[in-house]
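K.L.:
Kindly return the folded structure for what I paste below:
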Amino acid sequence: MAHYVGAIDQGTTSSRFIVFDRSGSIVSVAQKEHEQIYPKPGYVEHDPLEIWRNTQEVIEQALAAKGLKPGDLAAIGITNQRETTLIWDRHTGKPLHNALVWQDTRVDPMVQDFARDGGYDRLRDKTGLPLTSYFSGLKLRWLLDNVPGAREKAEAGDVLFGNVDTWLVWNLTGGRRHITDVTNASRTQLMNLRDLAWDDDILRLFDIPKACLPTILSSSEVYGEATGLLAGVPIAGILGDQQAALVGQACFEPGEAKNTYGTGCFMLMNTGEQPYPSKYGLLTTVGYRFGQGKPVYALEGSIAIAGALVQWLRDNLGLIQASTDIEPLARSVEDNGGVTIVPAFSGLYAPHWNAGARGLIGGLTRYANKGHIARAALEATAFQTREVLDAMAKDTGIAVKELRTDGGMVVNELLMQFQADILDVPVVRPKVIETTALGSAYAAGLATGFWAGTDELVRNWAVDRRWRPTFEASARERLYANWCRAVERSLDWT
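P.N.:
Purely as a prediction, here's the structure:
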């Protein structure tokens, strides 16, 4: 009898395989980083074959660590970095180009061209998304226009497109299944939010051949069986990483919200069974769809740079040796010393959507030292989250009572306390912080009967720690005003 569910968590910087038991606790985990490729300023790429090799390695390692066999798994789920765009040959399975990562901004000129007729929100009513370099559709258009022979082969159905979920399912099933789920499809800017189908008008506008697109399915159903290392195990759940965290945090009621602190930072609020248009710079997206049930929608605030700023301090400036060094360095000073960092390395996402913004460090004096810079880096993530939460309150009229948090940065207790202080609401860390992988495992387990329903998943969710606000209102608003002033200076830098 199968006692566990596995989850492939393919993220921006690494791939992981995590095995969960019925209580949602981690049984085994393995992780491996992959290369970040920067061919030109604004270009960010990954090697799809490296991602697939690493995925196989971590599956093998996680199973071996606990002596598990494929038969011990009731199902596997997949969660993935969204918007990262791949094309490959249907017959050979080989990629035609490196994957264009969600952070990549090479299509900015194309975005501006399409925005001249109808503005940046011309597709928002259908897709819930503004025109920006973030999403997959225009990245696919760039690949079809710039990879020799790609467009002709795509029109014939011989070249296939997908986000990373589609690439992994293709390889896991030995090339038998070319599919995606509604959450990943909603991040392409090619799917109509209301009928959950590829939109013919947008395909014509972007000049995308439908023959290269995957079939859109729900987030929780049996898609097929794996081959290779997981031979015979049902693949039964797919969720884009942020939607997976929403499920993993058991945010099944409208108004419940979570924030994931990873390479970027992503807040999602469950808004129920109707898409909720945003007037304050948020994205309307599919939260999840279980089986043939109604889709559940979400509002999302996407922040491009969060943990990536810590990596930049480590790799580019050499201020720390490891990412975990950031907290003790930041604690070496009492405050930010007047220093503010706006990490607009690839523009600013929600709620500004300003592609011309660029990063800056402001407020420097001879007094400032590396401790102040470290503290300002952590605060930048919290300030950006405040901007998004304020926008959600304006859009929905709902004041979030607490913020559920997950992702790699939530082990940083200085950040979590500052986050509560700058939001003026409690911040909650669950006992299982790997909620992205857990959410995809839940989707797979629901499809195969491993879990009976969402009530069981709600019972699994438990608090590890809760941080409560300690700032006086005047201190909170003074710091936030400094942040807003710095953001204004970063806008339209290029």
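
K.L.:
pLDDT weak spots in the protein?
P.N.:
Residues of the chain meeting the criterion pLDDT under 70: none.

K.L.:
From the contact counts, what lies against the top helix by length along it?
P.N.:
Identified as the longest helix of the chain according to DSSP state H is helix 370-396. Packing partners of helix 370-396 (3 or more Cβ pairs under 8 Å, 6 or more residues apart in numbering; DSSP states H and E): strand 257-261, strand 265-272, strand 296-303, helix 307-315, helix 326-330, strand 340-342, helix 413-423, helix 473-490. No exception for glycine: its C-beta is placed from N, CA and C like everyone else's.

K.L.:
between that helix and helix 473-490, how many degrees?
P.N.:
Angle of helix 370-396 versus helix 473-490, following axes from the mean of the first three to the mean of the last three Cα atoms, to 10 degrees, is 90 degrees.

K.L.:
Going forward, count from 349.
P.N.:
Right, with 349 as the first residue, what we last looked at is helix 718-744.

K.L.:
tell me which residues in helix 718-744 are buried?
P.N.:
718-737, 739-740, 743-744 (16 or more other Cβ atoms under 10 Å).

K.L.:
likewise stretch 413-422?
P.N.:
So stretch 413-422, judged by 16+ other Cβ under 10 Å, has buried residues Leu416, Pro418, Asp420, Leu421, Ala422.

K.L.:
again with stretch 694-713
P.N.:
Neighbour count says stretch 694-713 has 694-703, 705-711 buried, by 16+ other Cβ under 10 Å.

K.L.:
just stretch 457-471 next, same as before
P.N.:
Neighbour-count burial for stretch 457-471, counted by 16+ other Cβ under 10 Å, picks out Met458, Val459, Phe462, Tyr468, Arg470, Leu471.

K.L.:
if we take those residues, which one ends up nearest to Tyr828?
P.N.:
Tyr828 lies nearest to Tyr468 out of these, by Cβ to Cβ, at 26.4 Å.

K.L.:
show me what contacts the closest one?
P.N.:
Val459, Pro478, Leu479, Thr480, Trp701 (Cβ atoms under 8 Å, 6 or more residues apart in numbering).

K.L.:
switch to 7 Å and redo it
P.N.:
Counting by Cβ atoms under 7 Å, 6 or more residues apart in numbering, Tyr468 makes contact with Pro478, Leu479.

K.L.:
likewise the one 10 residues further on?
P.N.:
Contacts for Pro478 were tallied using Cβ under 7 Å, 6+ apart; they are Tyr468, Asp469, Arg472, Trp701.

K.L.:
before we move on, what SS does it have?
P.N.:
coil (DSSP: H, G, I helix; E, B strand; the rest coil).

K.L.:
do Arg777 as well
P.N.:
Classification of Arg777 using three-state DSSP returns strand.

K.L.:
what about it, how many residues close to it?
P.N.:
When counting by other Cβ atoms under 10 Å, one arrives at 18 neighbours for Arg777.

K.L.:
Tell me the spacing between it and Thr753.
P.N.:
Per Cβ to Cβ, to the nearest Å, Arg777 is found 6 Å from Thr753.

K.L.:
follow-up on the earlier one: looking at the helices and strands packed on helix 718-744, which is closest to Leu397?
P.N.:
helix 655-663 (23.4 Å).

K.L.:
now that closest one against helix 761-771, angle please.
P.N.:
Using the same axes, to 10 degrees, helix 655-663 lies at 140 degrees relative to helix 761-771.

K.L.:
Relative to Ala423, how far out is Tyr715?
P.N.:
Separation of Tyr715 from Ala423 (Cβ to Cβ): 56 Å.

K.L.:
and if you look at Trp831?
P.N.:
Counting by Cβ to Cβ, the gap from Trp831 to Ala423 is 44 Å.

K.L.:
out of those two, which sits in the more crowded spot?
P.N.:
The neighbour count for Trp831 versus Ala423, taken as other Cβ under 10 Å, is higher for Ala423 (28 against 22).

K.L.:
Just list the residues touching that one, thanks.
P.N.:
Val353, Val581, Pro582, Ala584, Ala792, Gly793, Ala795, Thr796, Phe798.

K.L.:
how much space between the fifth one and Ala670?
P.N.:
Distance check for Ala792 against Ala670: by Cβ to Cβ, it reads 33 Å.
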